[in-house]
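S.K.: structure of the sequence below:
(one chain, ligands or ions: 2)
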Amino acid sequence: MFVPTLMGQCTPEQQAYWLPRALDMQIIGTYAQTELGHGTFIRGLETTATYDPETETFVMNSPTLTSYKWWAGGLAKTVNYCIVVAQLYTKGVCHGTHPFIVQIRDEETHMPRPGVKVGDIGPKLGFNTADNGYLGFDNYRIPRDNMMMKNAQVLKDGTYVKVARHGKATYGTMVFVRVLLVNEAAFNLAKACTIAVRYSAIRRQCSPDSEGSELQVLDYSTQQHKLFICIATAHALQLNSTWLWKTFSDTLAAIKQGNVDTLPELHALSSCLKALSTADAASLIEQCRHACGGHGYMMSSGLPYLYAFVTATRTYEGDYTILLLQTARFLVKAYEQVEAGKPLTPTVSYLSQAFTGKKLPWDSSPDGIIRAFQALAAGKLSSTVKSLRKRLESGLSYEQAWELSTIQLNGAAEAHCRAVMSQNYKSEIERLTVNSSPNVKLVLQQLYKVYLYYWALERTGDLLLYTSISESDIFELQLRYEGLLKEIRPNAVGIVDAFDLRDEVLHSALGSYDGNVYERLMAEAQKSPLNAEPVNQTFHTYLKPMMKGKL
Ligand SMILES: CCCCCCCC/C=C\CCC/C=C/C(=O)SCCNC(=O)CCNC(=O)[C@H](O)C(C)(C)COP(=O)(O)OP(=O)(O)OC[C@H]1O[C@@H](n2cnc3c(N)ncnc32)[C@H](O)[C@@H]1OP(=O)(O)O
Ligand SMILES: Cc1cc2nc3c(=O)[nH]c(=O)nc-3n(C[C@H](O)[C@H](O)[C@H](O)COP(=O)(O)OP(=O)(O)OC[C@H]3O[C@@H](n4cnc5c(N)ncnc54)[C@H](O)[C@@H]3O)c2cc1C
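M.R.: Numbers count the residues shown, from 1 in each chain. Ligands and ions are numbered 1, 2, ... in the order given. Coordinates of the predicted model:
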């Protein structure tokens, strides 16, 4: 995050100075925004940067314990520089949060600079290869030029000058990383389902009849139900990630031309896609672990590490709930635009035909299901706006009405995101397979149908509310879904092999390409320190005395 922020928040002159040093690893930096007391609420950050025109410096200070920077990766022992997000004060006026480049350690000795308190925040659920740290300032001075001045400046005399064309320019790095995290979610879910599907092809357990041999667990419908949605979702996230990256790049290009019109939609998309992709990936990686029984619980399976790494992405770079609420803000505005007969931006254009007051006729084709997801999202949004307005009419303020409606707002945002993801998934597969062989087309179509049927069956309650789907339609869809799993089974291992993930990347005794699971599990077990000697010394110091009643 250090380099992208230098690129996004520095003037060209500042980039010319800092970027080569960062890219050359002469300086190592991190992005320190979150504090002990605040992560989500950026406007509530307490670290201060007060400009002193006498010395043309900013005085960095941590006025409270809760103002200590907390969490930044590499902060504890690795970095010697930080991008610090602090409340900017000049001429006695606070201008809100701004980014500053702050040296925290000596470039030669690596000792913390005087006035800087820095350390490690301690063990975490995962991510323990990163030294996430804390950072406090005691009236620590930095040169005026260390304020990142692309979007705002403080002149030598302390005059504050706003440069950015849009109010949230300083939030740009977060949008960039959120876009990257959708790809990260896809990549890690692909690893987990490669491990689980390969292992499920090796593992034999239970024989349906006394004479027969034990079945590959991948043959069981319940195992296919656990795992094939994981494969389908890995593809869905990858294709949405590529689509979102293009949307991001187009928006950035437009902003460079002075046009910020598409930024609100990008913020809404990056927020909900980051939220859903990281949450789906984390829960499906856990599902892959469930599918591998006891051996899935071994660190040597690679699955606990993947889960611990990915579940953090649901929180950092914007908590799941918070980001969905950002998307909901955008959706409520879109609803008002429909009412006013105004044009809509592409990803919410389906709303213009949605509020008919009638249930959408159920159509179980892939396009029909995508339309149903859109109807579901529109229905939830409409119901949410109705709740908001009912609360406003009761005399509540907008903030109070909004807060009371946030559960529904999040539901509407999640439904919208599912509809967008489903639409992108199908259309990207069709675009990319135009010249593919019939077999490749068939397999990829089967996978997006798994995704559509799975989520339709997960949302039958909502579909009954907003479409004409009947009990028998649901019964038929369930049968069709279960039949589709059986069609995919023969290709399942080939499909995960196609992720082309090397053993060194999988780090898994269960998922290695050669399938020698049991030999690898035993080999990993031998590495346990407890196997260094036949009798551990704790027998003599604890067990034996206890057995003799001497403890
Ligand atoms: C090479 C591959 C690598 C990939 C990486 C994988 C490995 C990564 C490994 C480790 C990395 C971990 C690093 C983690 C870093 C962090 O976690 S950094 C800290 C992240 N923190 C957050 O995300 C905080 C979340 N909070 C916020 O973003 C904001 O507080 C907020 C919730 C958006 C609220 O902001 P605010 O109160 O200022 O604004 P609002 O009043 O809600 O909205 C005002 C209007 O502004 C619009 N808005 C808000 N944010 C943005 C934005 N980012 N872009 C554009 N517009 C934005 C918002 O829509 C409102 O507009 P409106 O008034 O028109 O509705
Ligand atoms: C592994 C990891 C790495 C990280 N790396 C960095 C880094 O490099 N740099 C950095 O600056 N930060 C980093 N962070 C911090 C991260 O950005 C924050 O943890 C994240 O933004 C969430 O903020 P928080 O922890 O204060 O949680 P909070 O915002 O306190 O959330 C706690 C709970 O309150 C809820 N909540 C909060 N506000 C609202 C609201 N308005 N409405 C409804 N519910 C609400 C949340 O949904 C959540 O359920 C990292 C975090 C992790 C886990």
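S.K.: quick check: the residue of the stretch 351-500 of the chain nearest ligand 2.
M.R.: Relative to ligand 2, the nearest point of the stretch 351-500 of the chain is Thr406 (6.2 Å; CB to the nearest ligand atom). Glycine gets a C-beta too; all of them are placed from N, C-alpha and C.
S.K.: then the stretch 151-300 of the chain?
M.R.: Closest point on the stretch 151-300 of the chain to ligand 2, by CB to the nearest ligand atom, is Met174, at 8.7 Å.
S.K.: pretty sure the residue of the stretch 351-500 of the chain closest to ligand 2 is touching Leu324, no?
M.R.: No - judged on CB atoms under 8 Å, Thr406 makes no contact with Leu324 at a distance of 9.1 Å.
S.K.: more neighbours: which of those two?
M.R.: Leu324 (26 against 14; other CB atoms under 10 Å).
S.K.: once you drop chain neighbours, what's closest to the more buried one?
M.R.: Nearest non-adjacent residue to Leu324, counting by CB to CB, 6 or more residues apart in numbering: Ala413, 4.1 Å away.
S.K.: which element is that neighbour on?
M.R.: Assigned by DSSP states H and E, Ala413 belongs to helix 406-432.
S.K.: got the phi and psi for the residue in the stretch 451-551 of the chain positioned nearest to ligand 1?
M.R.: Closest contact between the stretch 451-551 of the chain and ligand 1, by CB to the nearest ligand atom, is at Val505 (14.2 Å). With angles defined as degrees, to the nearest 10, Val505 sits at phi -90, psi -30.
S.K.: count of neighbours near it?
M.R.: 15.
S.K.: contact partners for it?
M.R.: If you count contacts by CB atoms under 8 Å, 6 or more residues apart in numbering, Val505 has them with Lys191.
S.K.: so where do the strands sit in the protein?
M.R.: In the chain, the strands defined using DSSP state E lie at 29-32, 48-52, 57-61, 69-70, 81-90, 93-103, 116-120, 133-137, 140-143, 152-154, 160-162.
S.K.: nearest to ligand 2, of those strands?
M.R.: Nearest to ligand 2, of all the strands of the chain, is strand 29-32, at 4.9 Å by CB to the nearest ligand atom.
S.K.: residues in contact with stretch 444-455: which ones?
M.R.: Contacts for stretch 444-455 (CB under 8 Å, 6+ apart): 228-229, 231-233, 235-236, 366, 369-370, 373, 418, 422, 425-426, 429, 433, 436, 477, 480-481, 484-485, 487-488, 495.
S.K.: do that again at 7 Å, thanks
M.R.: Around stretch 444-455, the neighbours that count as contacts under CB atoms under 7 Å, 6 or more residues apart in numbering are 228-229, 231-233, 235-236, 366, 369, 418, 422, 425-426, 429, 433, 477, 480-481, 484, 487-488.
S.K.: and if you look at stretch 520-532?
M.R.: Contacts of stretch 520-532 (CB under 7 Å, 6+ apart): 295, 300, 509, 512, 536.
S.K.: what is the lowest-pLDDT residue among those residues?
M.R.: pLDDT across the contacts of stretch 520-532 is lowest for Asn536, at 94.
S.K.: which residues touch that one?
M.R.: So Asn536 contacts Leu530 (CB under 7 Å, 6+ apart).
S.K.: show the pLDDT at Thr356.
M.R.: So Thr356 comes in at 83 (pLDDT).
S.K.: that should have said Lys550, apologies.
M.R.: In this model, Lys550 is scored at 65, pLDDT.
S.K.: what do you get for Tyr31?
M.R.: 97.
S.K.: what separates the closest residue to it other than its chain neighbours from Ala72, distance-wise?
M.R.: Nearest non-adjacent residue to Tyr31, counting by CB to CB, 6+ apart: Met1, 3.6 Å away. Computed as CB to CB, to the nearest Å, the Met1 to Ala72 distance reads 9 Å.
S.K.: need the overlap of contacts for these two.
M.R.: What both Met1 and Ala72 touch, as defined by CB under 7 Å, 6+ apart, is the set 30-31.
S.K.: show me how far stretch 184-194 is from its chain's centre.
M.R.: 13 Å (CA atoms, centre = their mean, to the nearest Å).
S.K.: pull that stretch out as CSV, backbone CA atoms only.
M.R.: Provided in CSV are the C-alpha atoms of stretch 184-194 (Å, rounded to 0.1, in the frame of the first residue of the first chain):
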residue,chain,number,x,y,z
GLU,A,184,-6.8,-12.3,-4.2
ALA,A,185,-10.0,-13.9,-3.0
ALA,A,186,-10.3,-15.8,-6.3
PHE,A,187,-6.7,-17.0,-6.2
ASN,A,188,-6.9,-18.3,-2.7
LEU,A,189,-10.2,-20.0,-3.2
ALA,A,190,-8.8,-21.7,-6.3
LYS,A,191,-6.0,-23.0,-4.1
ALA,A,192,-8.4,-24.4,-1.5
CYS,A,193,-10.7,-26.1,-3.9
THR,A,194,-7.7,-27.6,-5.8
